[in-house]
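Trainee: generate a structure from the sequence data that follows.
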Amino acid sequence: MNQLDVPLRALRLPSIPTLTLYAVTLVAEAPVMFARLLLTFAVAALVLLVKGESLSGAQGLAELALIPTGWSILALLTPLGGGWWWGQNMGGREPSEREQAAYQDAVQLLQANAAEPLRLPRLWFVVDEHQPDAAVCGNTLMLSRGLLENEYLPAVLAHELGHLHTSDGKLTAALNRLIINPLPRTREKQPKERDVLVVGGERFLLTVTLFGAVLWVLRRLVRFAQGGLGLRFFGPVWGGYWREREYTADQYAARLGQAEELADFLEVHALLHDHPVPFVWLTEHTHPPTELRIDRLRKAGHSPTPASAPATPPPAPPAPRGPSQAPQAQTP
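Mentor: Predicted coordinates:
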């Protein structure tokens, strides 16, 4: 991880409708919270029984199950929205000196076209992927090695800074924290063994069946307790919200003078991967069609940006007209 010297300005909260959608999603997670409390209480009670202690302390330990929910709220309402854990889970690493130089050059280019100081991430890391990719979570930025070696780095960085300029990063961290993701593990191929059929008495078969049923229920309960119920309920609403936020981040990049460059990047690297999404308004699809993004960026690139346009345009010479003739619009 690379700690940047540029301080993060005051974090912005989402709009009232967005906060309402988050609150409703949080309420829909109530059954998940109850399942977490139940599992935590059972584990705490089992540990206390093994240690020969009273079960009275199990209830207090069960409240630890509310930590993920509280951690999600803190990510949204406070500056505690860092993506350190996200970076570790992605396999991120510290940038090399030449990667830092490429990043700083891109930031300086964007800052030269910005009307105000850029909102930069507090942390950023690199993932060793050949494909150009970038993402934001909390106040943390992820850049792939392929993007840092790509000529379109300033354009893609401008788009990601558009997410950081608003509350998108905080909201992403808050929603991610509603789900407990298990630690990744490397699977090793095991030699295939032949199935062995064991025939026993009825009592033995009944015991095995009951044990299997209990194990199946526990697995389903653990999977349910990982979270995401509210996101499944309101997935289409969140999908529409994030598709609109992609357009907003694109327009921010356009204001930094990167409209044409970002459109070129999408045409080269993203358009190929688009596919039809039936009834997209009923899905959790988070990105709008790339062709429509390119279209909007091309239009924005043909219009002067606030940063490049003169503050006070020179007055046009008046056109001669008769007493009853209305003024005509000046055309370039």
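
Trainee: P236 versus F224, what's the distance?
Mentor: From F224 over to P236 the distance is 21 Å, taken as Cβ to Cβ, to the nearest Å. No exception for glycine: its C-beta is placed from N, CA and C like everyone else's.

Trainee: one more: R36?
Mentor: Distance, R36 to P236, using Cβ to Cβ: 26 Å.

Trainee: also L218?
Mentor: 31 Å.

Trainee: which one's more surrounded, those two?
Mentor: P236 (15 against 12; other Cβ atoms under 10 Å).

Trainee: and that one, what's its pLDDT?
Mentor: On the pLDDT scale, P236 is placed at 96.

Trainee: where does the stretch 201-332 of the chain dip in pLDDT?
Mentor: In the predicted model, the stretch 201-332 of the chain carries pLDDT under 70 at residues 201-206, 208, 304-332.

Trainee: I meant the stretch 51-200 of the chain, not that one.
Mentor: For the stretch 51-200 of the chain, the stretches with pLDDT under 70 are 183-200.

Trainee: what ranges does it have for its strands?
Mentor: For the stretch 51-200 of the chain, the strands defined by DSSP state E, counting those that start in this stretch occupy 123-127, 134-137, 140-144.

Trainee: other residues contacting the top helix by length along the chain?
Mentor: As assigned by DSSP state H, the longest helix anywhere in the chain is helix 202-225. Applying Cβ atoms under 8 Å, 6 or more residues apart in numbering, the contact partners of helix 202-225 are P31, V32, A35, R36, L38, L39, I180, G200.

Trainee: and if you look at stretch 139-149?
Mentor: Residues outside stretch 139-149 that contact it (Cβ under 8 Å, 6+ apart): 8, 11, 79, 81-84, 86-87, 90, 92, 95, 99, 102-103, 121-136, 153, 156-157, 160, 164, 169-170.

Trainee: any idea how far the residue minimising distance to the centre of the chain lies from S15?
Mentor: With distances taken as Cα atoms, centre = their mean, the residue of the chain nearest its centroid is T172 (4.2 Å). Here T172 is placed at a distance of 15 Å from S15 (Cβ to Cβ).

Trainee: could you do G230 as well?
Mentor: According to Cβ to Cβ, G230 and S15 sit 19 Å apart.

Trainee: more crowded one of these two?
Mentor: The residue with more neighbours, out of G230 and S15, is G230; 24 against 11, by other Cβ under 10 Å.

Trainee: list the backbone torsions phi and psi for that one.
Mentor: Torsion angles at G230 (phi, psi; degrees, to the nearest 10) stand at phi -60, psi -40.

Trainee: contact partners for it?
Mentor: Taking Cβ under 8 Å, 6+ apart as the test, what G230 contacts is V24, T25, L26, V27, A28, E29, V32, L178.

Trainee: okay, the third one: pLDDT?
Mentor: Reading off the confidence values, L26 has pLDDT 95.

Trainee: tell me the secondary structure at it.
Mentor: helix (DSSP: H, G, I helix; E, B strand; the rest coil).

Trainee: now do the contacts for it.
Mentor: Taking Cβ under 8 Å, 6+ apart, one finds T69, S72, I73, L178, G230 in contact with L26.

Trainee: likewise for the first one?
Mentor: By Cβ under 8 Å, 6+ apart, the contact set of V24 is G230, F234.

Trainee: how about G57, nearest residue that isn't a chain neighbour?
Mentor: Nearest residue to G57, sequence neighbours excluded (Cβ to Cβ, 6 or more residues apart in numbering): L48, at 6.3 Å.

Trainee: what is the host helix or strand of the one you found packed up against?
Mentor: Element membership for L48 (DSSP states H and E) is helix 30-51. Judged by 3 or more Cβ pairs under 8 Å, 6 or more residues apart in numbering; DSSP states H and E, helix 30-51 is in contact with helix 58-62, helix 202-225, helix 229-233.

Trainee: turn these into TSV, columns for distance to H287.
Mentor: Shown next, in TSV, are these (distance: least, Cβ to Cβ, whole Å):
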stretch	distance to H287
helix 58-62	40
helix 202-225	27
helix 229-233	17
